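Trainee: sequence unknown, structure follows:
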């Protein structure tokens, strides 16, 4: 690795650390006048503290929008290459893209194409999900024939039966309600806490420069 | 677009997607894939429109009006931020050039670090602290209501043991193989009961949602067909 490349990496790391610390402090301390209750100019100071985070978040929002456009341009570029070779599905994809853009601009923001094409395909795909999920549930029983597989399928059946509006299934509904209120609530809380802890730990690692995935 | 055309397109596209159920037959298999490629093309087009109209265009209009400033630093600061953001986006295109990759990495570093800072603060104030407070909260009248006491304890124990399940601890025996202590295994298994129960219930509710959509789609197909 050359000296200039090492300097480049050090520069990126410095920028990342400085921006990260400023943004975190601004997010934590900005926009909360109650934190500076004894200070006469608390509202102005709190607004001033929140400014760096607001600027950075907007900067990233615009950059993210530009990267979406760049990513879609790349998708079109790849499929253009396939169109030259006569790939039918790439022609369909590019035609669909071009038609949507043309429709939107020529009809002054008319979104009826969304209702006619996008929503039915999305709904039909979501409906197909049910069949895949039934198949998945059956596979759990077939491939994982242990106590955990049995517990998973039992809970699944109880919750499904509990959702049926049938009078004779009232005891099952009561059991399903209890399951949702106590064990499912506890398990879901633990999963959410685990996700939040993982997010915070990964975020802090990035902020401290321990995780430098942006080096590429 | 006329109501009848929308309904006809919806009908044809729904059948094209449902042709997936019939398997990978020579012509019918193409119908499903065609619908999916139409979906991808249209989603990409709408993503471009939303990125431009909801993010780029408002800022563009804002910086063209010298009397407004969202940064409260004046119009020239807004222009500088907008141009910097566009520059960041363009710098990402330099990634394939090795000698200039440090420029791309610096722009990427800002994006990643600001996202990480937002995630840390959001995770702490939006999820972690409220969930811990909710789990440790003691409802009113707990001393007199045995059922409420049992339920609260069960939720607390369930959350703690399920969290413990994510942490795998073991010591090595004489042969170097990892061995869990019986207490640790017991707590982990208790936690696993709550996690499997939660996953089963989440799976069931997702199935119910998909079933509702399936019923609506089948209803639409029959209604249109008749």
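Mentor: In hand now; what should we look at? All values reported here derive from a predicted model rather than from experimental measurement.
Trainee: Show me how the record splits chain B into domains.
Mentor: Using automatic domain parsing, the domain ranges for chain B come out as B:1-64, B:76-137, B:141-226.
Trainee: pretty sure residue A:191 is touching residue B:162, no?
Mentor: Yes: contact criterion CB atoms under 8 Å: residue A:191 and residue B:162 qualify, at 7.4 Å. Heads up, the C-betas are built off the backbone N, CA and C, glycines and all.
Trainee: who touches both of the two?
Mentor: Listed as contacting both residue A:191 and residue B:162 by CB atoms under 8 Å, 6 or more residues apart in numbering or on different chains are B:195, B:198.
Trainee: Give me the more crowded residue out of these two.
Mentor: residue B:162 (29 against 19; other CB atoms under 10 Å in any protein chain shown).
Trainee: Show me what the helix or strand encompassing that one is packed against.
Mentor: Remark: residue B:162 resides in helix B:146-165, with elements defined by DSSP states H and E. If you count contacts as 3 or more CB pairs under 8 Å, 6 or more residues apart in numbering or on different chains; DSSP states H and E, helix B:146-165 packs onto helix A:183-208, helix B:129-136, helix B:182-225.
Trainee: make it 10 Å
Mentor: Using 3 or more CB pairs under 10 Å, 6 or more residues apart in numbering or on different chains; DSSP states H and E, the elements in contact with helix B:146-165 are helix A:170-181, helix A:183-208, helix B:129-136, helix B:182-225.
Trainee: Okay, now the unreliable bits of chain A?
Mentor: A:1, A:212-216 (pLDDT under 70).
Trainee: now check stretch A:53-64, is it near chain B?
Mentor: Yes: counting by CB under 10 Å from any CB of the partner chain, chain B has neighbours in stretch A:53-64: A:53-64.
Trainee: Which of those sits closest to chain B?
Mentor: residue A:62 (3.5 Å; CB to the nearest CB).
Trainee: can you pull the contacts of that closest one?
Mentor: Applying CB atoms under 10 Å, 6 or more residues apart in numbering or on different chains to residue A:62 gives the contacts B:51, B:55-56, B:58-60, B:81-86, B:88-89.
Trainee: now, which of those lie close to chain A?
Mentor: B:51, B:55-56, B:58-60, B:81-86, B:88-89.
Trainee: most neighbours, which of the residues you listed?
Mentor: Neighbour-wise, the ones next to chain A among the contacts of residue A:62 (other CB under 10 Å) top out at residue B:85, 25 neighbours.
Trainee: What distance do you get for the residue of chain B most remote from its centre to chain A?
Mentor: Most distant from the centre of chain B: residue B:174, at 44.9 Å, with distances by CA atoms, centre = their mean. Here residue B:174 is placed at a distance of 29 Å from chain A (CB to the nearest CB, to the nearest Å).
Trainee: Ok, residue B:217 next?
Mentor: For residue B:217, the distance to chain A - CB to the nearest CB - is 5 Å.
Trainee: I'd like to know how many residues surround that residue.
Mentor: 22.
Trainee: Could I get the pLDDT score of it?
Mentor: In the predicted model, residue B:217 carries a pLDDT score of 91.
Trainee: how close does the closest residue to it other than its chain neighbours sit to residue B:128?
Mentor: Excluding the flanking residues, the one nearest residue B:217 by CB to CB, 6 or more residues apart in numbering or on different chains is residue A:127, at 4.7 Å. Residue A:127 sits 36 Å away from residue B:128, going by CB to CB, to the nearest Å.
Trainee: Just want the most central residue of chain B.
Mentor: residue B:119 (13.2 Å).
Trainee: That one - nearest residue in space that isn't next to it in sequence?
Mentor: Nearest residue to residue B:119, sequence neighbours excluded (CB to CB, 6+ apart): residue A:203, at 4.7 Å.
Trainee: burial measure for the closest residue to residue A:159 other than its chain neighbours, as a count.
Mentor: Using CB to CB, 6+ apart and skipping the chain neighbours, the partner closest in space to residue A:159 is residue B:204 (3.6 Å). For residue B:204, the count of nearby residues is 27 (other CB under 10 Å).
Trainee: Quick check: residue B:204 touching residue A:162?
Mentor: Yes: counting by CB atoms under 10 Å, residue B:204 does reach residue A:162; the two are 8.8 Å apart.
Trainee: Please enumerate the helices of chain A.
Mentor: Taking DSSP state H to define them, one finds helices in chain A at A:3-29, A:42-84, A:88-106, A:112-113, A:119-143, A:147-162, A:170-181, A:183-208.
Trainee: The third one: which residues count as buried?
Mentor: Taking 16 or more other CB atoms under 10 Å in any protein chain shown as the basis for neighbour counts, the residues of helix A:88-106 that come out buried are A:89-90, A:92-94, A:96-97, A:99-101, A:103-104.
Trainee: give me the low-pLDDT residue ranges for chain B?
Mentor: Across chain B, the ranges flagged by pLDDT under 70 are B:69-73.
Trainee: Noted, bye for now.
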